[in-house]
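Enquirer: take a look and give me a structure for this.
(chains A and B)
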Amino acid sequence: MQQASRTGISHYLDGMRASDLLHPRPEGLYCPPGDFFIDPVRPVNRALITHGHSDHARSGHRSVLATQQTLDIMGLRYGEDFAGTTQAAALGEAMALNDVTVTFHPAGHVLGSAQIAVEHKGRRIVASGDYKRQKDATCAPFEPVKCEVFITEATFGLPVFRHPPDTEEIARLLKSAAQFPERSHLIGAYALGKAQRVMRLLRDAGYDRPIYIHGALAKLSEYYQSQGIDLGTLEPATVDSGGKQDFTGAIVVGPPSAFADRWARRFPDPISCFASGWMRIRQRAKQGGVELPLIISDHADWDELTATIKETGAGEIWVTHGREEALVRWCELEGIAARPLHLVGYEDEGD
Amino acid sequence: MNRFAELLDRLVLTPSRNGKLTLLTDYFRSVEDPDRGLALAAITGDLNIAAVKPAMLRTLVTERMDPVLFGYSYDYVGDLAETVSLVWPQTPGHIPNRQPTLGDVVAKLQAASRSDGPKVLAGLLDSAGISARFAIIKLVTGGLRIGVSARLAKQALADFGKVDVAEIEELWHGLTPPYISLFAWLEGKAEKPQRTALALFSPVMLSNPVGDGDLEKLDPADYAAEWKWDGIRVQAVCEGGVRRLYSRTGDDVSGAFPDLAETMNFSAALDGELLVGEPAATGTFSDLQQRLNRKSVTPKIQQQYPAFMRCYDALQINGEDLRALPFFERRKRLETFIKTLDPQRFDLSPFVEFSDWPSLEELRRAPPHPIIEGVMLKRWNSPYIAGRPKGPWFKWKRDPHTVDAVLMYAQRGHGKRSSFYSDYTFGVWSGPEGAEELVPVGKAYFGFTDEELKQIDKYVRDNTVERFGPVRSVRADRKQGLVLEVAFEGLNRSTRHKSGVAMRFPRISRLRWDKPAAEADRIETLQALLDR
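Expert: As a prediction, the model looks like this:
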């Protein structure tokens, strides 16, 4: 029988190391006994996908297993033939892949997002994908799952990232809209998840005027509405629907890249807003020319990351994309084994 | 405290002047006394709080969290106040009953002794949320840096109370935080505060530029001409032993010019230009620069670059208000009075003799000293009127310098211009023949029409080489590049810029689509201007 390494980093599970169950390969996180990848960045035979953001969900796999909503979103983004075959995973239902059991649990990141629990010989690793703990009316809330190894993201893995309540951010937006009624407010928000969440927050705050949206948001927002998430009246922010005056006092939502574009010229003296966890850092807002930063994130902040790690009861933490070093340091101080996983190919599209 | 914190955050990211004014007036309207007055004092730099050193702040935070995690955080954010405000640990389960108001914070900080200052600060940070913590730290470390001048704050007060900003400036130095009587007056709840303090500022008289055809309508005999000195407009006021040197907008600048202030032992309010050197040998603009933007000044600098005042008007002499008198009468009194002052520190702005406009034009084009930027015209019979009345005073500046430079970088603008590349960095050629390279000499964001803006924007998008956030570098080499004719008022030596020069008031005067990039000016052209 082999001994556990002195660092305690490599965990032995009944003679099998945790890294034999899941480990990074250039394509993505690979499970040899189950012969599948989680969120692979290159085309593979079998892919399990946590959520629909394009750096996690790519087209061209032979078979894809994901929640129905993630499959729908991939179909909207890439066309119906985005994979050879698809299979829908129901949340909370265990499925056998060879002699590995996988279960999808809600991750609270965007509509359809899931963590994937991988079990083998009675031990469990949870790959969280991207997740958050703040309440979000546009997706199912994160569900902590007990496990030996928890694989966490670390997009906002620094103690400086502390997201305020999203209702406060929307209140600031509405205050500004009242202070500057002659201008339009342009909100940069990623097309999947953030945009719809911002619109829903506006509705929950009682904003009942039409919200104008960029074309890139149309299909996904329509899909959200079809899934029972009420976003109210959305209108295309096109010039056809009127001259410049029509957007006076309007709230317009679009992908962040659109606001630097000539597209934005149709709006009267716009105030540029950006809904993102990065807006916590003033210099980020300043450099991006953002006048009204809205700190609204679909990723866990520092307090959520550390609380979640404790809640899972995991004895070992693997840290994926983001600021791994600080989270690894925190785990050390807490006496939890942790190491960075060095996965490549993930940007922070969702924020 | 949260409302003040929110105001600071919005002001720092709002580029437009009108936007800032709206934010300030809304704040004055919605926030009660004494918080709004304390906020005003914090912005104008009139709030007195013992400073906490950055090192102390760092000690406080690393006593409360892992220094390694703090190090990672500080490296990432880069700003100490911001980092501390974000990482400051909230005592678990401790939610303060109510967050402190700005009034609470200022009272506690002002009451703290030097030794218990850090403890008081830590207690305040414990009781506040993230943005309030940031504002508290900014208050104790000094310097809000939110892009709002005292002048703009006074304009916001004027807008808020629907009065002229001159009325605010006139009162300002007699008032103290939290300005209860001022706000009561601006809200129409009380009479205008009385001017009770000594040596207050009087709003100054300003001139209009000479426009096309203006002179033809004027009789040269009605006007006096003086050189327009390119120093700092100041008002020297002494009353009952109180001496103050005010800037054009009523800011007290006595502290920056103690050498001049010390010699002000008279009873009068004089208007003039602060210059450097001595009356017989006036310094250049570069000399003047040594004394600009300093809060305090060393004896060595004072000796090397002494300040003096070239007087051109008197508002009050020995208790008598002269402002209603015609200019020729005021001038006569000034001439007599100035003989009683220290001649090393006060002299008289000389008249420029002329008979008709063409002869004055000739003098204007060839002024006798490099710090002269044109001529002033003053109507002999005009009283001293605050503000910028049209007619009595004109400034007739010499023509600007121009240089042909090549567009190097373009940055996106704000507000109406947020989808346009509207801020341009331009350069001129330097280096030996055959190996010329562009060296940036300035940045300009106005001077062109909306139509020209569209054309430049298209050029930038079509010729982008690299992108850095909101900035694009544009193709600019010997074969291709957009030549901009840049107009500017003068040139300073600069150690901050690679080119060694910094332009004053640069703007785009013409787009030279016709001019090949290789024919733009060389750095030597600008250096020659410096040496004059």
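Enquirer: the lowest-mean-pLDDT helix or strand in chain B - contacts with which helices or strands?
Expert: Every helix and strand of chain B was ranked by mean pLDDT, DSSP states H and E. The lowest is helix B:285-289, at a mean of 82. Applying 3 or more C-beta pairs under 8 Å, 6 or more residues apart in numbering or on different chains; DSSP states H and E, one finds that helix B:285-289 contacts strand B:268-278, strand B:490-493. C-betas here are computed from N, CA, C, even on glycine.
Enquirer: which ones are touching the residue lying closest to B:Asn492 once chain neighbours are set aside?
Expert: Excluding its sequence neighbours, the residue lying closest to B:Asn492 (C-beta to C-beta, 6 or more residues apart in numbering or on different chains) is B:Ala502, at 4.8 Å. By C-beta atoms under 8 Å, 6 or more residues apart in numbering or on different chains, the contact list for B:Ala502 reads B:442, B:491-494, B:496.
Enquirer: and the residues you listed as JSON lines, adding neighbour count?
Expert: Below are these laid out as JSON lines (neighbours: other C-beta atoms under 10 Å in any protein chain shown):
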{"residue": "B:Gly442", "neighbour count": "25"}
{"residue": "B:Leu491", "neighbour count": "24"}
{"residue": "B:Asn492", "neighbour count": "16"}
{"residue": "B:Arg493", "neighbour count": "13"}
{"residue": "B:Ser494", "neighbour count": "14"}
{"residue": "B:Arg496", "neighbour count": "6"}
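Enquirer: got the domain boundaries for chain B?
Expert: B:2-141, B:208-397, B:401-531 (automatic domain parsing).
Enquirer: per-residue confidence for the residue in the stretch 101-250 of chain A positioned nearest to chain B?
Expert: Taking C-beta to the nearest C-beta, chain B has its nearest neighbour within the stretch 101-250 of chain A at A:Val160, 4.1 Å off. For A:Val160, the model assigns a pLDDT of 96.
Enquirer: does the nearest residue to B:Phe266 once chain neighbours are set aside count as helix, strand or coil?
Expert: Leaving aside its chain neighbours, B:Phe266 sits nearest to B:Cys238 (5.4 Å; criterion: C-beta to C-beta, 6+ apart). Assigned with DSSP: H, G, I helix; E, B strand; the rest coil, B:Cys238 falls in the strand class.
Enquirer: thinking again about what came up before, looking at the helices and strands packed on helix B:285-289, which is buried most?
Expert: Among these, strand B:268-278 has the highest mean neighbour count (mean count of other C-beta atoms under 10 Å in any protein chain shown), at a mean of 22.
Enquirer: show me what the helix or strand following that strand is in contact with.
Expert: Sequence-wise, the next helix or strand downstream of strand B:268-278 (DSSP states H and E) is strand B:281-282. Residues from elsewhere that reach strand B:281-282 (C-beta under 8 Å, 6+ apart): B:229, B:275-276, B:310, B:369, B:371.
Enquirer: show me the shaky parts of the stretch 1-150 of chain B.
Expert: Across the stretch 1-150 of chain B, residues meeting the criterion (pLDDT under 70) sit at B:92-97.
Enquirer: which residues of it lie near chain A?
Expert: B:6, B:9-10, B:12-15, B:19, B:22-23, B:26, B:65-66, B:68-70, B:72-73, B:76-79, B:82-83, B:86-87, B:130 (C-beta under 8 Å from any C-beta of the partner chain).
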